[in-house]
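Asker: Have a look; sequence and predicted model below, questions after that.
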Amino acid sequence: MSVVSMEVKDGLAYVWVDNPPVNAISHGVRQGILEGLVEALEDDGVEAIILAARGRTFMAGADITEFDKGPQPPHLSQVVETLEAAGKPVIAALHGFTLGGGLEIALGCHYRIAATGTKLGFPEVTLGIIPGATGTQRLPRLVGVKAALDLITTGKQITADTALSLGILDRLSGDDLMGQAADFARDILAQGEGVRRLSEIMIDPQSIPAGLFDDTRKSLAKSKRGFESPQACVDAVEAALLPYPQGVAREREITLERRASPQSAAQRHLFFAERACGHIPNLPKDTAKRLIKKVGIIGAGTMGGGIAMAFSSAGIDVTLLEIAQDALDAGLARVGNNYGGNVKRGRITQAQADECMGRISGTTEYANLADMDLVIEAVFEKMEVKKQVFETLDDVVKPGAILATNTSYLDVNEIAAATKRPEDVVGLHFFSPANVMKLLEIVRGDKTAPDVLSTVSALAKRIGKVGVVAGVCFGFIGNRMLQGYAREAGLMLLEGASPGQIDQALYDFGMPMGPIAVTDMAGIDIGTMIRQALDPSAYDANAFAVHDRLVEMGRKGQKTGAGFYRYEVGNRTPIPDLAVDAIIGQEAEARGIARRSISDDEIVQRCIFALVNIGAQILEEGIAYRSGDIDVVYVNGYGFPRYRGGPMHYADHVGLAKTFEIICALRDQHGGRWWTPAPLIERLAKQGGSFHSF
Ligand code: T1G
């Protein structure tokens, strides 16, 4: 069946795109629109043409799955130009999402009408590219350079109301989009307005605020540090000041360069990886889901409060439990303050904040959790404490409810065994601050029921998180890998690097903060406490020698005003501290470690390939289903630079043969205890494979 059809009714031609699920503009769609258009233009009975789409949305952009196959004509820009060149008025009738190439097609049409609720935008920048089918040339001509820069460099979606006020839309329709599109077409014909072509507009350079392009570049260099495509978007919009053909030629040049860039490959990889992680292997799509209307949260600390906000912001009722009334009051007050902060920053209105707060209630009685559909425990990270909570929940909460633990390391099977319903128990590992961080690690216990997994996976999406399923092991996906990263950072301290050098090298790689500064922020004692519960063979004591000394001295990190760095009161900026350098020197000497000069490249290589090597073990053990899942965890939970695609994609980019070589060299230098290459890496390297293909 063709993905585009054409029908003529009462002098109007309707060109329908029908390519579920999101009407991505595939080769067939491009070809079909051109054919429909030609037919409509040749038909003397047709006075105007309406371009519309079936299903839940207009067009969500170019078909991203075609990117790696190489362009196949007709190109999207040719479709846009042909629409604009049409001698009869062409009206785009929009609904759902009008994104990327979909918006470019709409801008090629002479008029635009949209159903209320339509979302419009140019998300290309989030894929490492630019709107390359004349979008960077037409939008500034229509809405002005400033507004176009804002839309194109951020990739944000705007509502139909905003699009109307910017002039992107000519009309909004009510429920009957197609009826009103037809009325609009007849109005245009009756008034003899004919065709309008954005490409014919010249932008007046005087209309552009002085310094706009350079200021935008500077501000994006900060807010989008390391990303290439926002800068490329500015270059392309600047080219809109040229006569149209030259501007388009420049846009084409930039597009080809961006499409071929490693950053674009990385960002496209994440686009699909973030969607793939919602598909759980061996779990049929139609697996039943439990109804989740009321959520109980145990522990109203920073974590519990953040989780409460995530649910309440998504419209779900929450009951927060703390045993002591004052702790409960403090927790509720903190949540109130956070919502207040969001109002102050203009993220939500006061009315929305009130509504969210209205959905959160507090209790000190477990009995009040009896009719919850889901209860999430967010108490102190100690097995005994968690087990006690689950025993109580088993007694009080109704049958069929899901019981979840927010543990970040502990054995979910052991926690589940504290209940008589382990099939209802699952790990839901939120990342702090839970109301902000996108990642949710979903930990499947050995006995977790399929419908529990499918329920929480869908729930993750409902509360705006990306849910990645992990198996049970110490630290699951994210924190298990992090052990290797932290270990190498700790060892390099003793071997000769300073905290500042390690942090700077990884910051320059693209991490938002280096590992040492992160440890100070999280609290050095937290890691010490976690290690105390471990068998000493599981970690490298040398790597944490300095950590332990600092904790003994009461230097626990930011919260005590000193850790690896010092902090001035009320300020979180790390200040290097000679006293710490001295401690590092003493610890190295005590362990017979000769200090040497360490390069920034070595710092990055050891920290990042430690992640990759453990990631490969996790994959082979089946703790993670896909290498893309690991990448999604690292980008959304640990700040791994999105433009590098995640640690596993990064290794694929370096090449697995090279990765294997690097890890072997590290093994030869530092021994096989931590650096034995994961068998999967060795195998794939020898086969010429990649993690992606595994
Ligand atoms: N191409 C191919 N597949 C796509 C797709 C696309 N553009 N958009 C979505 N899908 C698939 C997706 O992988 C998933 O598949 C299914 O559709 C449902 O998506 C020249 C070059 C529209 C807001 O970046 O933002 O135009 O997992 O789960 O939550 O300038 O999809 O079911 O197998 O995300 O309801 C620019 C991308 C392209 C928009 C709907 N466009 N899409 O969200 O569903 S570049 C985009 C979205 C471009 C031109 C350039 C969202 C959505 P599966 P979903 P959703």
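Answerer: Perfect, thanks for sending it. Numbering: from 1, shown residues only.
Asker: thought P74 was touching Q31?
Answerer: Yes. Taking contacts as CB atoms under 8 Å, P74 lies within contact range of Q31: 6.2 Å. The way it works is simple: take the backbone N, C-alpha and C, and place the C-beta from them, glycine included.
Asker: And for the single nearest residue of the stretch 101-250 of the chain relative to the ligand, the neighbour number?
Answerer: In the stretch 101-250 of the chain, the residue that lies nearest the ligand is G101 (3.2 Å; CB to the nearest ligand atom). The local packing of G101 (other CB atoms under 10 Å) involves 28 other residues.
Asker: With G570 instead?
Answerer: Neighbours of G570 (other CB under 10 Å): 5.
Asker: which residues does the residue of the stretch 101-250 of the chain closest to the ligand contact?
Answerer: Contacts for G101 were tallied using CB atoms under 8 Å, 6 or more residues apart in numbering; they are 25, 59, 61-62, 76, 131, 133, 135.
Asker: The residues you listed in helices, which ones?
Answerer: Cross-referencing the contacts of G101 against helices under DSSP state H gives 76, 135.
Asker: ok, and of the contacts of G101, which contact the ligand?
Answerer: Restricting the contacts of G101 to those near the ligand by CB under 6 Å from any ligand atom leaves 61-62, 76, 131, 133, 135.
Asker: Now render the residues you listed as CSV, adding pLDDT.
Answerer: Shown next, in CSV, are the ones next to the ligand among the contacts of G101 (pLDDT from 0 to 100):
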residue, pLDDT
G61, 96
A62, 95
L76, 97
P131, 98
A133, 98
G135, 98
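Asker: Make sure V143 is actually in contact with L169.
Answerer: No. Between V143 and L169 there is no contact under CB under 8 Å: 10.7 Å.
Asker: More neighbours: which of those two?
Answerer: L169 (23 against 18).
Asker: Closest residue of the stretch 251-400 of the chain to the ligand?
Answerer: Closest point on the stretch 251-400 of the chain to the ligand, by CB to the nearest ligand atom, is R275, at 3.9 Å.
Asker: Next one: that residue from F227, what distance?
Answerer: For R275, the distance to F227 equals 21 Å [CB to CB, to the nearest Å].
Asker: These two: which is more packed in?
Answerer: F227 (21 against 13).
Asker: Could you grab the helix/strand/coil label for that one?
Answerer: Look at F227: counting by DSSP: H, G, I helix; E, B strand; the rest coil, its state is coil.
Asker: what's the closest non-adjacent residue to it?
Answerer: Y643 (5.3 Å; CB to CB, 6 or more residues apart in numbering).
Asker: For that neighbour, give me its contacts.
Answerer: With CB under 8 Å, 6+ apart, Y643 has these contacts: 128, 226-228, 263, 266-267, 510.
Asker: same check, this time on V456
Answerer: Here V456 is in contact with 374, 402, 404, 426, 428, 442, 467 (CB under 8 Å, 6+ apart).
Asker: Next, check those against the strands and list the overlap.
Answerer: Among those, DSSP state E puts 374, 402, 404, 426, 428, 442, 467 in strands.
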